[in-house]
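>>> My questions are about this predicted structure, shown below with the sequence.
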Amino acid sequence: MGLVAIVYGLFCYVVFLASFLYAIGFIGNIVVPKAIDSIPSVNTLQAMAIDLILLGLFAMQHSVMARPGFKVVWTRLVPRVAERSTYVLISSLLLGLICWKWQAIPAVVWAVSSPILKTLLLALFASGWLILLLSTFMINHFDLFGLRQVFLRLRGLDYTPLNFTERALYRFVRHPIYLGFVIAFWATPHMSVGHLLFSIGTTGYILVGIFFEERDLMKNHATEYGAYRARVPMLLPTGSKRG
């Protein structure tokens, strides 16, 4: 079981990595064959309906599968060691579905012509993805994406949940991963209506996701996380309240 689990976990991680890298190109309109502003194939109303369904499916999967109550039921069907990897796999496939089936709405909201400002926005776009990636390692990248669980099984060790920690960017904002996403989604020199729809939808989901995530954290780490939440801002680094 340990060897099967690690092969499965590695497969899920590779699928995640491929979808993650493609998503960077998709949102940034760079390199990939189909991007967020590729040539539209349906009218605007149809495009909006399709795009909202895609975003809704992604949000629903994340919201439902991340809840502790669902995990209790889900692990009766899926081995506990593979639960996180399966979550990562389904999330990655749905992200791939968005990139594949997204319908562009090309009407322009803003278009930056200044080379300097365009370069600054592209640098900000890149920094958002970098913040996101680095933030996963500041907690535990391999636990977050299911690899720690399967490697522990291979070694015959029981899984132990991570302790609550406050380090690096987590000293300035409670959710630097989400902050990275928000920066990457909004920092663009060319904002189309389709891109705007994507940015609004994903940002709205992030705020909802934070609400549920913090509710779960308060249940499991009420005193510690409560003090942390009172001291450190949610997304904008406005300064921690020490004392």
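Perfect, thanks for sending it.

>>> Thought Gly180 was touching Ile131, still the case?
Yes: with contacts counted by C-beta atoms under 8 Å, Ile131 reaches Gly180, the gap being 3.6 Å. Where you see a C-beta, it was placed from the backbone N, CA and C, and this is true even at glycine.

>>> so where's this structure uncertain?
In the predicted model of the chain, residues 1, 239-243 satisfy pLDDT under 70.

>>> just the strands in the protein please.
108-111, 190-192 (DSSP state E).

>>> Out of those strands, flag the one nearest Gly56.
Gly56 lies closest to strand 190-192 among these, at 20.2 Å (C-beta to C-beta).

>>> Check which helices and strands the closest one sits against.
Judged by 3 or more C-beta pairs under 8 Å, 6 or more residues apart in numbering; DSSP states H and E, strand 190-192 is in contact with strand 108-111.

>>> Give me the contact list for the strand it packs on.
By C-beta atoms under 8 Å, 6 or more residues apart in numbering, the residues outside strand 108-111 that reach it are Pro189, His190, Met191, Ser192, Val193, His195, Leu196.

>>> Skipping adjacent residues, who's closest to the third one in space?
When you say that, I think you mean Met191. Nearest non-adjacent residue to Met191, counting by C-beta to C-beta, 6 or more residues apart in numbering: Val109, 4.3 Å away.

>>> can you tell me how far Phe11 sits from Ala5?
11 Å (C-beta to C-beta, to the nearest Å).

>>> next one: Ile50
Counting by C-beta to C-beta, the gap from Ile50 to Ala5 is 36 Å.

>>> Those two: which is more packed in?
Neighbours were counted for Ile50 and for Ala5 using other C-beta atoms under 10 Å; Ala5 has more, 20 against 15.

>>> is it true that Phe16 touches Ser91?
Yes: counting by C-beta under 8 Å, Phe16 does reach Ser91; the two are 7.5 Å apart.

>>> Could you give the number of residues near Tyr225?
Tyr225: 18 neighbours (other C-beta under 10 Å).
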